[in-house]
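Colleague: the following block contains a protein sequence and its predicted model.
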Amino acid sequence: MSGFAELAAGGRAGIPRLVDGPRRLCAALPPVLRRADGRGEGECRIPREALVAAVEGQVMAILPPDAPGEDSAHRLQRDAEAMRRALALPLLVAAHHSFGGDDRRLRTLSAMAGGARASLLAAGGVRMHAASRRRLADVLAAIRLGVTVDALGFHAQANAEAHLKGEAEMRRLFAGHEEAVEATLRVAEACRFSLRDLSYEYPEEILEPGLSAQEILARRVAEAVRER
Amino acid sequence: MRRRAREPPRLRAPLGPANPGASLPKGEPGPGPRFLALHLPWLPTEILRLPGLALTWHMQGNRRLVAAVDPAALALGVRPGQALGDAQALAPGVPAHPDRPEAVAARLSDLALWALRIAPLAAPEPPDGLLVNIAGAAGLHGGEGEVLRRAVAGLARLGHAASGAVAGSAAAAMALARCGIPALVPGGGEAMALAPLPIEALRLEAGVAASLRRLGLHRIGEVLSQPRAPLARRFGAGLILALDRVTGAAPAPFHSMRPPPERHAALDVEEPLITRTAIEIAAENLLARLCARLEGEGRGLRRLILRAYQVDGGVQELAVGLGLASRDPRHLSRLLSPRLEELAPGFGFDRIALLAEATEPLAAAQSGLEGEDGRAALAALLDRVAQRLPAWGLCPRESHWPERAVARADPLAPGAVPAAVPAGWVARPRPLRLLRRPERLEATALLPDDPPVRILWRARWIPVRAAEGPERLEPEWWRDRPGRPVRDYYRLEMPDGRRLWVCRSGGPGSSRWYLHGILP
């Protein structure tokens, strides 16, 4: 239970961050990953069922859509039901205060989480480490989308609030939903990581069936010599 | 696109009939540039409209000198350049008026517009001349001699004595007109026709004519017969260029007063039109003719100009622009007729011309069932509205900044309004209209970025029943001036049910509150 992946409502997996949890998650997923036509890491689409089946002992949080409706509430209920036994912590619903003038969203998400016996997770929706980096975030978004900054439209940051915030600030923003901040602290607590946890691991070799690595090498060299 | 007024190749190309040379009587010059020059020697005194003697004066240093005289004063010995006192001694009681060069120039421009009735390319030639390019137009008037006679007679009716000449180059025609020789010089014969004229007729730079006279060269022919190289060495390239332009060896640019219209229709009347009804009937008559011609050519109007020529020489113009090309006389006359009240007939109009300044290909369309042709009907409505008010369409734009959420667009330009509104464009509640000038408010809030609990609006403190926010918007750094403040928007519900969209400019803690709109 020492790691977590994010499960977005659309079924897109974030990159697993920590060592042990991701390793186990990946071990459970290989048939899926090989099928995916990975044109890049972010493009891997893992079917929802495969992910739900592979969450044994993980911590999972759902990224709800901007305007959560009936539909996403139902889906949340289904997912929470399917994963309840396997997860180390109850399913989390990531919520952030985006300064978008939508106070009701937090209440809606809280009610949704309560209905599905999940709990709220105070997230930051973070795009930059400090408010002064908004321009950099916009420039990077423009590069990612291949347009000029002028043509970013709604992909530009509306404000500079998507930066890392301290605990006191988060508690102020989540006033009335203190359990969300507590959940975040618990997850952070669970995510202990040290470089010492890493050690060198020899990768799995790609072998032809019925031969050892040495035999394959010898055969390929012999073929190459004949061609010369 | 407007055709450019200055287009030297066009001057050489025949206007009007395909081959005017074939329709001209024998002995007349063939195609090629043909210029009618008119010289108005007494213009500065004629614009005073005084019977009998008249002169104008101007100040030079602290002396009053005679600037211009009329023929009667000239006969008494008054000359331009004399001291005003001397002139008044020669002609006792002569009315003396201050010289007004700007009034002379304005009258000359008016006369150039008047001259557009002779041919579509005409220009004033300051200080006292008019030039008309009559290439191809002479055949319509019955020969160049007739053109010249009518032009001089027309100017005489307007109260201006004029002399004119026709030649293949503007400078030659102008020189002949200044000397009062009503010659019709065939193309190529300029050098011979000008030979006996004094060199002053060329209007050379100051000092050049005097230097030539010191050399014993008094007539244009004597200068033309000199070897060119020494002349150029002594007097510069300016003299050679002037000589080449006079003989037509070097082309001279000709700037017409107005660009030639693509199509035009004109109506001359014996009895001047004064009443509104008469002008309207004339305009409708012309519109029908113009539209019939445009239909034959498969073109539609984008810009229409009505030019009304006053009896006394003034010209008034009205322009009507269209959103979509059209040649429907009913639609055009509905656009034009409300504008007719802008005309001031004075003594009446003796000529009304309609000019199609910009046209576009317009295929004849099969008319559909009733109500199918919505676009053309909308275009017709917009044209009528746009005659009085600016008209535009709004199209959504992807921007977080409220003032930039929509952009003005030409209502009829294809593709101006995107088929679909960008995703997320109305995701957040916004007022239908932003206030043109946001109203300043006072507000009390408990914490720096809390919504206000009461506001002072129109001199009354009102408690806030419910509030939502903030929606924080930072200026678009790539477009805005630096230092533009952050805005926090709140939606407030007042006790009477009104919902306001207020904004705190300057971020948390600032006390600059504005009302930016009323929410629906």
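Modeller: That came through fine. Numbering: from 1, shown residues only, chains lettered A, B, ... in the order given.
Colleague: hey, let's count contacts and neighbours off CA atoms from now on
Modeller: Noted.
Colleague: read off the pLDDT value for the spatially most central residue of chain B.
Modeller: A centroid search over chain B (Cα atoms, centre = their mean) returns residue B:258, at 7.0 Å, as the residue closest to the centre. Among the per-residue scores, residue B:258 holds a pLDDT of 82.
Colleague: so what's residue 132 up against?
Modeller: In the absence of a named chain, this looks at chain A. By Cα atoms under 8 Å, 6 or more residues apart in numbering or on different chains, the contact set of residue A:132 is residue A:160.
Colleague: look at chain B instead
Modeller: Residue B:132 makes contacts with B:35, B:36, B:37, B:115, B:116, B:118, B:119, B:121, B:122, B:123, as judged by Cα under 8 Å, 6+ apart.
Colleague: who wins on neighbours among those residues?
Modeller: residue B:37 (34 neighbours; other Cα atoms under 10 Å in any protein chain shown).
Colleague: so residue A:109, which state does it fall into?
Modeller: Reduced to three states with DSSP: H, G, I helix; E, B strand; the rest coil, the structure at residue A:109 is helix.
Colleague: what about it, neighbour count?
Modeller: Neighbourhood size, residue A:109 [other Cα under 10 Å]: 21.
Colleague: ok, now the one 3 residues further on?
Modeller: In terms of burial, residue A:112 registers 23 neighbours under the definition other Cα under 10 Å.
Colleague: likewise residue A:70?
Modeller: When neighbours are counted by other Cα under 10 Å, residue A:70 comes out with 9.
Colleague: just the pLDDT at the residue in chain A that chain B sits nearest to, thanks.
Modeller: Among residues of chain A, the one nearest chain B by Cα to the nearest Cα turns out to be residue A:101. It sits 3.9 Å away. The predicted local confidence for residue A:101 comes out at a pLDDT of 76.
Colleague: residue B:435 now?
Modeller: Residue B:435 is assigned 91 on the pLDDT scale.
Colleague: surely it is in contact with residue B:516?
Modeller: Yes - the pair residue B:435 and residue B:516 qualifies as a contact (Cα atoms under 8 Å) at a distance of 5.5 Å.
Colleague: compare these two (neighbour count), which wins?
Modeller: More neighbours sit around residue B:516 than around the other of residue B:435 and residue B:516, counting by other Cα under 10 Å; the figures are 23 against 12.
Colleague: what is the neighbour count of the residue lying closest to the more buried one once chain neighbours are set aside?
Modeller: By the measure of Cα to Cα, 6 or more residues apart in numbering or on different chains, the closest residue to residue B:516 outside its immediate chain neighbours is residue B:438, 4.9 Å from it. When counting by other Cα under 10 Å, one arrives at 14 neighbours for residue B:438.
Colleague: local confidence estimate at residue B:438?
Modeller: 92.
Colleague: hmm, who's touching stretch B:432-450?
Modeller: Defining contact as Cα under 8 Å, 6+ apart, one finds that stretch B:432-450 is touched by B:403, B:451-457, B:469-470, B:507-520.
Colleague: and the buried ones among the residues you listed, selectable in ChimeraX?
Modeller: To isolate the buried subset of the contacts of stretch B:432-450 in ChimeraX, counting by 16 or more other Cα atoms under 10 Å in any protein chain shown, use the following:
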select /B:451,452,453,454,455,469,470,507,508,511,513,514,515,516,517,518,519
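Colleague: out of the contacts of stretch B:432-450, list just those in strands.
Modeller: Among the contacts of stretch B:432-450, the members falling in strands are B:452-457, B:469-470, B:512-518 (criterion: DSSP state E).
Colleague: which of these lies closest to residue A:144?
Modeller: Using Cα to Cα, residue B:470 is the member of these that lies nearest residue A:144, at 29.3 Å.
Colleague: spell out which parts of chain B neighbour chain A.
Modeller: Those residues of chain B that sit near chain A, judged by Cα under 8 Å from any Cα of the partner chain, are B:397-400, B:424, B:468-474, B:477-479, B:489-490.
Colleague: could you flag which of the residues you listed are buried?
Modeller: Judged by neighbour count, with 16+ other Cα under 10 Å as the criterion, the buried members of those are B:397-400, B:468-474, B:489-490.
Colleague: farthest-separated two in those residues?
Modeller: B:397 and B:468 (25.1 Å).
Colleague: need the contact list for the residue of chain A closest to chain B.
Modeller: By Cα under 8 Å, 6+ apart, residue A:101 lies in contact with B:468, B:469, B:470, B:471, B:472, B:489, B:490.
Colleague: reformat those residues as TSV; add pLDDT.
Modeller: As requested, the contacts of residue A:101 are arranged in TSV below (pLDDT from 0 to 100):
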residue	pLDDT
B:468	87
B:469	79
B:470	87
B:471	89
B:472	90
B:489	91
B:490	91
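Colleague: so, low pLDDT: which residues of the stretch 401-520 of chain B?
Modeller: B:412-420 (pLDDT under 70).
Colleague: could you check the pLDDT of residue 64?
Modeller: Using chain A here. Residue-level confidence at residue A:64 comes out at 84, pLDDT.
Colleague: wait, I meant chain B there
Modeller: pLDDT at residue B:64 comes out at 88.
Colleague: the strand or helix carrying it packs against which elements?
Modeller: With elements taken from DSSP states H and E, the one containing residue B:64 is strand B:63-69. Contacts defined by 3 or more Cα pairs under 8 Å, 6 or more residues apart in numbering or on different chains; DSSP states H and E place strand B:63-69 against helix B:43-46, strand B:55-60, helix B:84-90.
Colleague: which of these sits most buried?
Modeller: Compared across the helices and strands packed on strand B:63-69, helix B:43-46 shows the largest average neighbour count, a mean of 23 (mean count of other Cα atoms under 10 Å in any protein chain shown).
Colleague: which stretches of chain A form strands?
Modeller: Under the criterion DSSP E, strands of chain A are mapped to A:4-8, A:59-63, A:92-95, A:119-122.
Colleague: weakest of those by average pLDDT?
Modeller: Taking each of the strands of chain A in turn, the one with the lowest mean pLDDT is strand A:4-8, at a mean of 37.
Colleague: around residue B:425, how many other residues sit close by?
Modeller: Residues lying near residue B:425 (other Cα under 10 Å) number 16.
Colleague: doesn't it lie inside a strand?
Modeller: No - when classified by three-state DSSP, residue B:425 is found to be coil rather than part of a strand.
Colleague: I figured it hits residue B:401, correct?
Modeller: No - applying Cα under 8 Å, one finds residue B:425 not in contact with residue B:401, separated by 11.4 Å.
Colleague: what sits up against stretch B:350-359?
Modeller: Outside of stretch B:350-359, the residues within contact range by Cα under 8 Å, 6+ apart are B:1-2, B:260-273, B:282-283, B:286-287, B:290, B:299-311, B:325.
Colleague: buried ones among those?
Modeller: When the contacts of stretch B:350-359 are checked for burial by 16+ other Cα under 10 Å, the buried set is B:260-261, B:263-266, B:272-273, B:282-283, B:286-287, B:290, B:299-311, B:325.
Colleague: looking at this, residue B:440 is in a strand?
Modeller: Yes - when three-state DSSP is applied, residue B:440 is found to be in a strand.
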